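# My questions are about this predicted structure, shown below with the sequence.
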Amino acid sequence: MRALRTAEFRVSAPVDHEAAKAFCVYHIHRRGNLSTAEGYIGVTSRSLGRRFRRHTVNTNPILADALRQHSDIDVRQLMVGSDDTCFEMEQLLRPADNIGWNLCTGGGIAPASSKGSVGQRTRQRISESGLGWKRSAENKQRLLSYRLGSKLSLEQRAAIVLRNTGSRRTEATKQLMAEKARSRPRTACPHCGKSVQNHLYIRFHGSNCKTIKKDKSC
Ligand SMILES: [Zn+2]
């Protein structure tokens with residue numbers, strides 16, 4: 001499996017972002033494992049407690065399984081900011097599908113509706129994760145034997161360590177990415193007047209703008 005490198009962030013003291021009418025990026029993780037490459041990353045405008053309780057009722061099967069299996073689950077705030085900044089951060093932390101306990105790429109693009117049915121990709125993920133069945137001892141032995149005898153040389157190890165160390169983006173690349181991000185098309189919301197990127201517009205503005213949906217709870 002391809003190892004995806006995601007950004008790591010220092011976390012400041014939690015802020016009551018709900019009171020501040022801001023968004024926050026949160027991380028559901030096992031106690032003691034603060035790696036943002038693992039666990040679940042999400043964005044919410046609600047308090048973490050309330051958002052977390054929603055996860056225990058209605059959530060993706062991978063996260064649901066993790067919540068069932070582990071009793072040492074914590075939720076922490078990674079950052080607080082505007083919807084734009086938070087979703088950009090989510091996208092940075094979840095640049096592709098199937099990282100940690102997330103099924104979908106971050107960035108506020110709502111997953112394809114799958115009311116009453118499980119999507120193809122989710123099915124595959126569930127089947128790959130082996131939920132609901134255990135490998136036989138035989139099967140385990142066989143899987144183990146694939147790795148036996150293929151010891152990595154020191155050079156190979158060093159090469160792997162080197163590959164995974166340090167920044168992979170040059171300043172020029174970062175500049176280019178920032179410029180690109182700034183030049184993405186934006187749409188102005190007729191309800192709140194904000195000008196946002198299209199995926200955020202679809203999810204949070206237009207007919208979904210929070211200025212016209214004050215009493216909807218989710
Ligand atoms: Zn709006």
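Thanks, I have it. Numbers count the residues shown, from 1 in each chain.
# Give me the residues contacting stretch 72-82.
9, 11-12, 14-15, 17, 20, 22-32, 34, 36, 41, 48, 51-52, 66-67, 85-86, 89, 93 (CB atoms under 8 Å, 6 or more residues apart in numbering). (C-beta placed from N, C-alpha, C; glycine too.)
# Helices - which of the residues you listed land there?
48, 51-52, 66-67, 85-86, 89, 93 (DSSP state H).
# Nearest residue to residue 31 in space, please, no chain neighbours.
residue 72 (4.1 Å; CB to CB, 6 or more residues apart in numbering).
# just the buried members of the contacts of stretch 72-82?
Buried members of the contacts of stretch 72-82, scored by 16 or more other CB atoms under 10 Å, are 17, 22-30, 34, 36, 41, 48, 51-52, 66-67, 86, 89, 93.
# Of these, which are in range of the ion?
Filtering these for proximity to the ion by CB under 5 Å from the ion leaves nothing.
# any idea of the pLDDT on the residue nearest to residue 31?
Per-residue pLDDT puts residue 72 at 90.
# Name the next helix or strand downstream of the least confident helix or strand in the chain by mean pLDDT, please.
Here the helix or strand of the chain ranked lowest by mean pLDDT, DSSP states H and E is helix 120-129, holding a mean of 64. Beyond helix 120-129 on the C-terminal side, the first helix or strand identified by DSSP states H and E is helix 137-147.
# Now do that next one, average pLDDT.
The model assigns helix 137-147 a mean pLDDT of 75.
# swap in stretch 33-45?
Rounded mean pLDDT across stretch 33-45 is 91.
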